[in-house]
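Undergrad: Dropping the sequence and predicted coords here.
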Amino acid sequence: MDRLLYVSSVGLSNIEQAQTARANNLANASTNGFRADLARVSSQEVSGDGYRTRVYAVNEGAGVDLSSGTQVETSSPLDIAINGDGLFSVLAPDGTEGYTRNGSLQVDSAGRLSNSNGFQMLGTGGPVVLPPFESIQFGSDGAITIRPQGQGSEALVQIDQLKLVNPSAAEVFKDEAGLIRNNLQEPFPNAAGVSVNSGFIESSNVNAVHELTEIISLARQFELEVKMMKVAEGNDEAVTQLLRIG
């Protein structure tokens with residue numbers, strides 16, 4: 001009985017975590033650059049006496065779906081989207097390096113270039129700070145070129161180049177702030193093959209229909225686990241009655 005209860009309780013715990021991830025994905029289905037969370041679970045045998053007929057779920061931590069979302073044209077010079085694989089490098093609140101696909105950018109009064117989540121963009125030399133400018137454009141390699149304030153169209157200056165990286169999904173996790181991080185807690189190197197598309201923003205890669213279907217499926221699995229626990233309780237009561245009769 002104890003094994004049955006243990007298997008069911010572990011299952012309930014993992015289903016709850018999966019439901020949380022799916023609900024968060026669904027809530028961010030319209031968030032620019034959002035990467036869907038994945039719930040990773042593996043099956044392990046329950047060791048002990050008797051036949052190997054029971055398995056339980058082991059939570060292997062949350063993964064990140066790095067597949068691309070849809071690019072939406074805005075024609076804004078401060079909107080950029082990554083083509084294919086890759087991530088923007090940003091300054092995390094703790095001063096370390098984080099990663100995102102959100103390329104909806106803005107410049108504050110101090111010239112700091114940040115995305116709409118408030119994370120300052122990183123260039124080849126650190127956080128990007130721009131002098132006053134009349135216009136700005138981004139090259140396909142992330143190069144930042146401006147026309148300084150008060151200058152003519154011929155006075156274009158390349159200020160910096162965005163740091164673009166290209167890790168695999170196995171190398172990263174997502175923190176509580178929604179930033180993608182290196183599992184080894186160190187910066188990724190620049191990736192020369194990553195390119196950006198100016199005048200576009202990337203939508204979330206969440207498939208709302210799929211997430212809703214998964215939530216319904218998880219709810220049914222939750223009900224089955226609860227029924228198994230009730231079966232274990234009924235079996236325990238039956239054994240207790242037999243012992244009393246004996």
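TA: That came through fine.

Undergrad: What separation do you get for Pro187 and Ser195?
TA: 20 Å (CB to CB, to the nearest Å). (Glycine included, C-beta is placed from N, CA and C.)

Undergrad: wait, I meant Arg22
TA: 32 Å.

Undergrad: Tell me how the protein divides into domains.
TA: 2-66+206-245, 71-200 (automatic domain parsing).

Undergrad: Mind putting the ones you listed into CSV with mean pLDDT?
TA: Output for those, formatted as CSV (pLDDT from 0 to 100):
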stretch, mean pLDDT
domain 2-66+206-245, 81
domain 71-200, 94
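
Undergrad: looking at those domains, which is buried most?
TA: Of all the domains of the chain, domain 71-200 has the most neighbours on average by mean count of other CB atoms under 10 Å, namely a mean of 16.

Undergrad: From start to finish, how long is that one in a straight line?
TA: Domain 71-200 has an end-to-end distance of 6 Å (criterion: CA to CA, to the nearest Å).

Undergrad: How far off centre is that domain?
TA: Here domain 71-200 is found 18 Å from its chain centre; the criterion is CA atoms, centre = their mean, to the nearest Å.

Undergrad: and what of stretch 10-24?
TA: 16 Å.

Undergrad: who's in contact with stretch 163-176?
TA: 35, 37, 61-66, 82, 85-89, 92, 98-99, 122-124, 141-142, 180-184, 188-191, 193-194, 196 (CB atoms under 8 Å, 6 or more residues apart in numbering).

Undergrad: Those in strands, which ones?
TA: Counting by DSSP state E, the part of those found in strands is 37, 61-64, 82, 87-89, 98-99, 122-123, 180-182, 196.

Undergrad: Run through the neighbouring helices and strands of the helix ranked longest in the chain.
TA: The longest helix of the chain (DSSP state H) is helix 208-245. When contacts are defined as 3 or more CB pairs under 8 Å, 6 or more residues apart in numbering; DSSP states H and E, helix 208-245 sits against helix 2-27.

Undergrad: what packs against the helix it packs on?
TA: Looks like helix 2-27 contacts strand 37-45, strand 55-64, helix 208-245 (3+ CB pairs under 8 Å, 6+ apart).

Undergrad: and the angle for that helix with helix 208-245?
TA: 160 degrees (axes from the mean of the first three to the mean of the last three CA atoms, to 10 degrees).

Undergrad: so how far is helix 2-27 from its chain's centroid?
TA: On CA atoms, centre = their mean, the centre of helix 2-27 falls 19 Å from that of its chain.

Undergrad: And stretch 28-36, by the same measure?
TA: Distance, centroid of stretch 28-36 to centroid of chain: 9 Å (CA atoms, centre = their mean).

Undergrad: With that, I have no additional questions.
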